[in-house]
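Enquirer: Got a sequence here, can you build the structure:
(2 chains)
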Amino acid sequence: MKPRYIGWAVGIAALIALPFVYREPYHLHLLVLILIWSFAYTSWSIMGRFGLVSLGHGGFMGVGAYVTALLWNHLGISPWIGIPLSMATAGALALVVAYPCFRFRITGHYFVLVTLALSGIVLQVITATRDYTGGSLGYTPNRTRGSGWLALQFDDKTTWYLIALLVWLLGLLIWRWIDRSMSRHAMEAISEDEDAAAAVGVNVTAQKLKITLISALMTALAGALYCQYQMFISPDTVSGIAVSLQMVFAVIVGGVYVSLGPTVGAIITILLAEILRIGFGTRAVGWDNLVYGVLLVLFIIFLPKGILGSVIEKLKTQRKMPQRS
Amino acid sequence: MQAFLDIFDIYLLEAVVNGILLGGVLALLALGLNLIFGVIDVTWICYAELVMIGMYGMYYLVQVFHLPYWAAAPLVILLVALLGAALHYLVIAPLLTAPPINQLLATGGVLFILQSFATVAFGIDFRNLGIRLPVLVLGEMNFSYARLLSFAAALIGMVSVYLFMTRTFTGTAIRAIAQDRQIMALMGVDTKRIYLITSALGGALAGLAACLLVLQYDVHPFVGLSFGPITFLICVLGGLGNFIGGFIAAFVFAEIISLGGLFSDLEWGYVLAFAFFIVMMFIRPAGLLARRR
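Expert: Next up, the predicted model:
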């Protein structure tokens, strides 16, 4: 076994053991949030790393959260069925929007604007159907009287921590699977030059659709999990442009091109928001986003590879230097 | 015949006319965004937020400093123009050689900054000018003067931009740069200066739109989100950088929103507009006026 794998195994074992040793509820709550959002950010970076910048992920997350909650409350369908259904809905939405985009070569600015509009529209639909979704006041899944497992509702933070950890690891595995697959090479060729990629036999539309679909399904799952854990969702916290931009921001801060980049981004952004919240109390309303915005602009100008990406790059060049001399 | 009259009732006509009036302001917004895109090749995601800042500017000048509306409007247009130039100078200029996506995301950061700045500085209360313009009654139809005024001012704004672009040296230089970025620098045109002027012009159009929108809508920090996405859809539907396409698309969208709002909630008008947009992408992916290859 390579030392790298041992490092991963020890790290994962430590993360699994953590809630059994350390039980401070507030810190566990923060960890669960970090894990769920890391998963969402990882799913964005699966597309984002190939230059497919989507601002529609707020929409997919909203679909994941709301469809699961609506099915549970109105039809009594367990989240175990509701989550796959909500993921399928988000996937269908992604295909309907993405297919014309990719088929007719809508790239770059156009693609960003179309997806941006998508997340705006999901927000409008949730607000417009306020009779069912509670509109901008938010929505709460009904508390279960029966089994917590059937309703996927747990009061216990440790259970949630383990679920979030499992899903987060799943996200990293998918990231790694794509990183090692032919799709990665195809997508990199596409992001360099679509015509050249098509000329060497890459099915441009199919490859892009595949990546988009995986990313959208994962984002919807993140939304559904967030809903099940927080037991409260509102259009502003799980859908819309602000959430999409929050994803982009966290991923860029952490680093788009490395597997743990989104996780680092999630840790930084969530801790930043919590510190501001505790430090300033209710006066912090707006300040966290102000800091986010300034940091986002500064990072894009001065450190476009993100914190983790830049650190890893520096380590690699340092390691290579002595060999050359 | 009677059935036809039943469908084509007075409310429908009113909605159609209101749609045209709304289209004027949307066309103004699309023009500003298209101008920036056509010349600098950058999309300002925060464009609607510039309008929001302008609306707050109007609110403070009129309600707090008690300036008359006609005196406050030029000041606000100037303020937002300066803001546009500053945005270009501080954020876009350092990123001109970076991948285009980075510029776009950086303006996304500016969107965050402007929104939360407004939340921190002005609070989240809904505010309005407190000016009530009379309603024009024509037959059985009601039209607010605010909308008529906005429509007229938007048209005047667009015509003056057109004249500026065609009749002045700077305007000609701007159009030339939109056609070929590299060559114009060789022809002795200072591209940096032209970029700054274009950004200021785009900002001024946002300022004008702010002066007009504040007559009809309350201002709050997130007001940009209610017409920002629709402006982007209009620009993409018309073809980014295509002024005439954007103009036509603005009216098409305004009609859809207005007619959709007639039968149901206003939000469904937006949803309908989006559905229409997706269908149009299949039919005319490069914009309404694009030639078929």
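Enquirer: Quick check, pLDDT for B:Val110.
Expert: Confidence at B:Val110, expressed as pLDDT, is 90.
Enquirer: tally of neighbours for the residue lying closest to it once chain neighbours are set aside?
Expert: Distances taken as C-beta to C-beta, 6 or more residues apart in numbering or on different chains put B:Cys46 closest to B:Val110, at 4.3 Å, once the chain neighbours are dropped. No exception for glycine: its C-beta is placed from N, CA and C like everyone else's. B:Cys46: 27 surrounding residues under other C-beta atoms under 10 Å in any protein chain shown.
Enquirer: just A:Pro19 next, same as before
Expert: Using other C-beta under 10 Å: A:Pro19 sits among 20 other residues.
Enquirer: what residues are up against it?
Expert: For A:Pro19, the contacting residues are A:28, A:157-158, A:161-162, by C-beta atoms under 8 Å, 6 or more residues apart in numbering or on different chains.
Enquirer: cutoff 10 Å now
Expert: Contact analysis of A:Pro19 by C-beta atoms under 10 Å, 6 or more residues apart in numbering or on different chains lists A:28, A:31-32, A:156-162, A:165.
Enquirer: Mind telling me what element it is part of?
Expert: helix A:3-21 (DSSP states H and E).
Enquirer: and what of B:Leu67?
Expert: Counting by DSSP H and E, B:Leu67 is found in no helix or strand.
Enquirer: isn't it right next to B:Ala73, touching?
Expert: Yes: using C-beta atoms under 10 Å, B:Leu67 makes contact with B:Ala73 at a distance of 9.3 Å.
Enquirer: and for these two, which residues touch both?
Expert: Common neighbours of B:Leu67 and B:Ala73 (C-beta under 10 Å, 6+ apart) are B:58, B:61.
Enquirer: Compare the two and say which is more crowded by neighbours.
Expert: B:Ala73 (23 against 16).
Enquirer: measure that one to chain A for me?
Expert: Distance, B:Ala73 to chain A, by C-beta to the nearest C-beta, to the nearest Å: 28 Å.
Enquirer: helix or strand right after the helix or strand that contains A:Leu118?
Expert: Per DSSP H and E: A:Leu118 is located in helix A:108-128. Counting by DSSP H and E, the element after helix A:108-128 in chain order, helix or strand, is helix A:130-133.
Enquirer: can stretch A:126-142 be found next to chain B?
Expert: Yes: with C-beta under 10 Å from any C-beta of the partner chain as the measure, stretch A:126-142 is seen reaching chain B through A:126-130, A:135.
Enquirer: Can you list the low-confidence ranges for the stretch 101-250 of chain B?
Expert: B:130-133, B:138-142 (pLDDT under 70).
Enquirer: Strands of that one, residue ranges please.
Expert: B:135-138, B:141-144 (DSSP state E, counting those that start in this stretch).
Enquirer: re the thing from before, tell me which residues touch the residue nearest to B:Val110, please.
Expert: A:293, B:52-53, B:83, B:87, B:91, B:106-115, B:206, B:224, B:228.
Enquirer: what's the answer for A:Gly171, then?
Expert: Applying C-beta under 10 Å, 6+ apart to A:Gly171 gives the contacts A:35, A:38-43, A:45-46, A:218, A:221-222, A:259, A:262-263.
Enquirer: Lowest-confidence member of these, which is it?
Expert: Scoring the contacts of A:Gly171 by pLDDT puts A:Ser259 last, at 85.
Enquirer: Regarding that one, what is its secondary structure?
Expert: A:Ser259 falls in the coil class when you classify it by DSSP: H, G, I helix; E, B strand; the rest coil.
Enquirer: Could you measure from the closest residue to it other than its chain neighbours over to chain B?
Expert: Excluding the flanking residues, the one nearest A:Ser259 by C-beta to C-beta, 6+ apart is A:Trp175, at 4.9 Å. Using C-beta to the nearest C-beta, we find A:Trp175 at a distance of 20 Å from chain B.
Enquirer: Quick one: end-to-end distance for stretch B:55-64.
Expert: Stretch B:55-64 stretches 13 Å from its first residue to its last (C-alpha to C-alpha, to the nearest Å).
Enquirer: circling back to that earlier point, hmm, the residue nearest to A:Ser259 is touching A:Thr42, no?
Expert: Yes: counting by C-beta under 10 Å, A:Trp175 does reach A:Thr42; the two are 5.8 Å apart.
Enquirer: Let me see the contact set for B:Phe251.
Expert: B:Phe251 touches B:19-20, B:22-24, B:26-27, B:234, counting by C-beta under 10 Å, 6+ apart.
Enquirer: Also B:Ile45?
Expert: A:55, A:109, A:112-113, A:116, A:241, A:245, B:33, B:103-111, B:228, B:232.
Enquirer: Do you have the helices of the stretch 51-200 of chain B handy? List them.
Expert: B:69-87, B:100-122, B:145-167, B:169-179, B:181-186, B:191-216 (DSSP state H, counting those that start in this stretch).
Enquirer: among these, which is nearest A:Pro235?
Expert: helix B:100-122 (15.6 Å; C-beta to C-beta).
Enquirer: can you tell me how far the residue nearest to A:Leu93 when sequence neighbours are not counted sits from A:Gly171?
Expert: Spatial nearest neighbour of A:Leu93, excluding adjacent residues (C-beta to C-beta, 6+ apart): A:Val63 at 6.2 Å. Distance of A:Val63 to A:Gly171, given as C-beta to C-beta, to the nearest Å: 18 Å.
Enquirer: circling back to that earlier point, quick check: mean pLDDT across the helix or strand that contains the residue nearest to A:Ser259?
Expert: Using DSSP H and E, A:Trp175 sits within helix A:157-180. Mean pLDDT, computed over helix A:157-180, is 90.
Enquirer: In CSV, could you pull the C-alpha coordinates for that helix?
Expert: Only the C-alpha atoms of helix A:157-180 are listed here, as CSV (Å, rounded to 0.1, in the frame of the first residue of the first chain):
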residue,chain,number,x,y,z
LYS,A,157,-26.4,14.7,15.6
THR,A,158,-24.0,11.6,15.5
THR,A,159,-26.3,9.8,13.0
TRP,A,160,-26.4,12.9,10.8
TYR,A,161,-22.7,13.3,11.0
LEU,A,162,-22.2,9.7,9.8
ILE,A,163,-24.7,10.1,7.0
ALA,A,164,-23.1,13.4,5.8
LEU,A,165,-19.6,11.9,6.1
LEU,A,166,-20.7,8.9,3.9
VAL,A,167,-22.2,11.2,1.3
TRP,A,168,-19.2,13.4,1.3
LEU,A,169,-16.9,10.4,0.7
LEU,A,170,-19.2,9.4,-2.1
GLY,A,171,-18.8,12.8,-3.6
LEU,A,172,-15.0,12.5,-3.4
LEU,A,173,-15.1,9.0,-5.0
ILE,A,174,-17.2,10.3,-7.9
TRP,A,175,-14.7,13.1,-8.3
ARG,A,176,-11.9,10.6,-8.4
TRP,A,177,-13.7,8.3,-10.7
ILE,A,178,-14.2,11.1,-13.2
ASP,A,179,-10.6,12.2,-12.7
ARG,A,180,-9.4,8.8,-13.7
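Enquirer: For it, buried residues please.
Expert: A:157, A:160-165, A:167-169, A:171-172, A:174-175, A:178 (16 or more other C-beta atoms under 10 Å in any protein chain shown).
Enquirer: Ok, stretch B:73-89 next?
Expert: B:73, B:75-77, B:79-81, B:83-85, B:87-88.
Enquirer: could you redo the residues you listed as CSV and give each row pLDDT?
Expert: Formatted as CSV, those follow (pLDDT from 0 to 100):
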residue, pLDDT
B:Ala73, 88
B:Leu75, 92
B:Val76, 92
B:Ile77, 92
B:Leu79, 93
B:Val80, 93
B:Ala81, 93
B:Leu83, 92
B:Gly84, 92
B:Ala85, 92
B:Leu87, 91
B:His88, 90
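Enquirer: ok, so of those, who is nearest B:Ser144?
Expert: B:Ala73 (18.1 Å).
Enquirer: what about the nearest residue to B:Leu215 once chain neighbours are set aside, how many neighbours?
Expert: In space, B:Leu215 comes closest to B:Ala146 once its chain neighbours are excluded; the distance is 4.1 Å by C-beta to C-beta, 6+ apart. Neighbour count for B:Ala146, taken as other C-beta under 10 Å: 21.
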